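Enquirer: Quick one, fold the following:
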Amino acid sequence: MAEVTMDKIISLCRRRGFIFQSSEIYGGLNGAYDYGPMGVQLKNKIRDQWWKEMTRRQENIVGLDASILMASKVWEASGHVSNFTDPMVDCKQCKSRFRADQIDLNAPCPVCGTKGSFTAPRNFNLMFETHIGADRDASSVIYLRPETAQGIYVDFRNVVASSRVKIPFGICQVGKSFRNEITTKNFIFRSCEFEQMEMQFFCKPGTDEQWFPYWREQRMKFYIERLGIIPEHLRWHQHGPDELAFYAKDAYDIQFLFPMGWQELEGVHSRTDYDLTQHSKFSGKEQNYLDPDTNERYIPYVVETSAGLTRNVLMALSDAYEEQALPDGDVRTVLHFHPEIAPVTVAVLPLVKKDGLAEYAKDLEKGLREDFDTDYDQSGAIGRRYRRQDEVGTPYCVTVDYDTLKDHTVTLRFRDSMEQVRIPESEIANTIKKANKEYRRV
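Expert: Reported below is the predicted structural model:
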């Protein structure tokens with residue numbers, strides 16, 4: 001099996017409409033990417049699976065969509081204004097910029113090779129700063145949020161007061177976050193604009209000991225069972241004393257084997273009552289909880305699950321990518337997406353354009369759109385069209401031929417096995433739905 005490299009992933013993403021460099025016609029903008037027709041479908045389907053997992057398959061979890069722009073006091077309370085920094089150095093010779101904790105300051109510059117050319121490390125705040133209103137002074141400073149979690153904390157009392165949730169309960173949201181990274185690299189793995197999928201689970205102090213392992217188990221199962229990720233490509237990493245945030249009780253990362261090695265995909269953190277306590281102090285409004293059953297008042301502990309949606313997209317692409325050598329000597333590139341997240345579920349292909357086959361196939365595709373994300377392709381040889389669908393990860397292809405006009409049967413092709421079966425046109429939808437439920441990675 002050929003090695004999966006980042007260059008291969010990037011090349012496929014560009015030619016098949018998954019991901020493009022932002023502002024490419026102007027030379028591109030580092031750390032920013034656009035999601036094309038296939039990419040936005042993949043991203044949205046991963047997001048929808050996560051949302052369904054949290055709000056439908058789990059008990060007592062509600063949703064939220066907090067504003068990207070928040071009062072500056074939020075980020076003072078959370079510690080981001082004073083502590084959300086990376087150490088930065090510049091090369092005096094070539095002016096290249098690096099994170100000081102990721103290079104050897106005594107070694108030559110990785111770009112120009114000059115030795116002893118680095119400036120002294122200095123802290124660099126990762127938040128994007130802007131102003132709100134007509135005046136530009138200290139009172140108008142606001143920030144693009146660097147994480148979505150704080151929106152959940154500041155709306156904690158609003159959610160409790162306006163809904164019927166009782167501890168233990170969770171609040172989840174999906175949204176854009178922004179970090180002014182010193183260096184961006186590895187495609188969409190680390191970028192300045194990204195999306196997060198976060199859930200804060202509020203529980204009574206002491207019960208976090210039982211909820212923390214529960215959520216670790218649930219989150220790992222999600223990737224294997226819902227997204228179809230190969231289990232051997234996932235592992236746990238527990239934060240050591242030098243990695244653990246000062247307020248955290250315990251923290252684990254789910255790591256994925258990306259083309260550049262094992263890297264963080266999602267964090268599961270036991271955050272104690274730090275965040276709600278901080279917002280109580282800075283706002284002057286107690287972010288506590290009154291238990292309606294015991295009349296006990298306390299500040300809840302929090303177990304957080306925090307995943308990068310954009311990293312999930314890169315994970316799905318990397319995990320699914322394969323170059324297969326075929327018996328005839330040809331090589332096919334295929335994306336083995338789980339059918340639930342594939343951008344296109346079923347493609348309809350007329351064998352030829354003439355003799356009414358194209359019109360028949362178009363009508364069939366239109367009907368299948370009621371249940372599935374579909375594609376219609378009549379350009380080129382049938383084998384070449386199969387290869388195109390393989391490259392975007394389409395699980396099923398339906399071919400309309402001359403026999404279809406006679407008996408209303410079609411050829412259904414399965415992406416992973418390349419098996420082809422003849423079935424009645426009326427059975428297409430049920431056959432695909434059954435195959436989706438029984439799907440196992442080949």
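Enquirer: so where's this structure shaky on pLDDT?
Expert: Along the chain, the parts satisfying pLDDT under 70 run over 1, 442.
Enquirer: Could you break it into its assigned domains?
Expert: 6-83+132-317, 85-125, 344-437 (automatic domain parsing).
Enquirer: Include distance to residue 323 and mean neighbour count when you put those into a markdown table, please.
Expert: Heads up, the C-betas are built off the backbone N, CA and C, glycines and all. Below are these laid out as a markdown table (distance: least, C-beta to C-beta, whole Å; neighbours: other C-beta atoms under 10 Å):
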| stretch | distance to residue 323 | mean neighbour count |
| --- | --- | --- |
| domain 6-83+132-317 | 8 | 17 |
| domain 85-125 | 31 | 14 |
| domain 344-437 | 11 | 17 |
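Enquirer: quick one: which of those domains is nearest residue 326?
Expert: Closest of those to residue 326 is domain 344-437, at 8.6 Å (criterion: C-beta to C-beta).
Enquirer: related to what we said a few turns ago, including distance to residue 338, could the domains of the chain go into a markdown table?
Expert: Converted to a markdown table, these look like this (distance: least, C-beta to C-beta, whole Å):
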| stretch | distance to residue 338 |
| --- | --- |
| domain 6-83+132-317 | 3 |
| domain 85-125 | 34 |
| domain 344-437 | 9 |
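Enquirer: Go through these and name the closest to residue 325.
Expert: Nearest of those (C-beta to C-beta): domain 344-437, 13.0 Å.
Enquirer: And the helix or strand containing residue 279, how far out from the chain middle?
Expert: Using DSSP states H and E, residue 279 sits in helix 274-283. Relative to its chain's centre, helix 274-283 lies at 29 Å (C-alpha atoms, centre = their mean, to the nearest Å).
Enquirer: what do you get for stretch 434-442?
Expert: Per C-alpha atoms, centre = their mean, the centroid offset for stretch 434-442 relative to its chain is 22 Å.
Enquirer: cool, stretch 401-416 as well?
Expert: 36 Å.
Enquirer: Give me the contacts around it.
Expert: For stretch 401-416, the external contacting residues (C-beta atoms under 8 Å, 6 or more residues apart in numbering) are 334, 336, 350-351, 355-357, 360, 364, 386, 389-390, 393-400, 419-426, 428, 431-432, 435, 441-442.
Enquirer: So which of these sit within helices?
Expert: 357, 360, 364, 386, 389-390, 428, 431-432, 435 (DSSP state H).
Enquirer: With respect to residue 345, which of the residues you listed is nearest?
Expert: residue 432 (6.9 Å).
Enquirer: In contact with that closest one, which residues are there?
Expert: Residues near residue 432 by C-beta under 8 Å, 6+ apart: 339, 345-346, 371-372, 395-396, 412.
Enquirer: How about the contacts made by residue 165?
Expert: 60, 62, 159.
Enquirer: Likewise for residue 378?
Expert: 349-350, 353, 358, 361.
Enquirer: from those, which single one is nearest residue 21?
Expert: Nearest to residue 21 out of the contacts of residue 378 is residue 349 (C-beta to C-beta; 31.3 Å).
Enquirer: ok, now how distant is the closest residue to residue 110 other than its chain neighbours from residue 134?
Expert: Spatial nearest neighbour of residue 110, chain neighbours left out: residue 103 (6.7 Å); criterion: C-beta to C-beta, 6 or more residues apart in numbering. To residue 134, residue 103 is 43 Å away according to C-beta to C-beta, to the nearest Å.
Enquirer: Kindly report the same for residue 374.
Expert: Where residue 134 is concerned, residue 374 sits at a distance of 50 Å (C-beta to C-beta).
Enquirer: Look up phi and psi at the nearest residue to residue 343 once chain neighbours are set aside.
Expert: Leaving aside its chain neighbours, residue 343 sits nearest to residue 41 (3.6 Å; criterion: C-beta to C-beta, 6+ apart). In terms of degrees, to the nearest 10, the main-chain angles of residue 41 are phi -60, psi -50.
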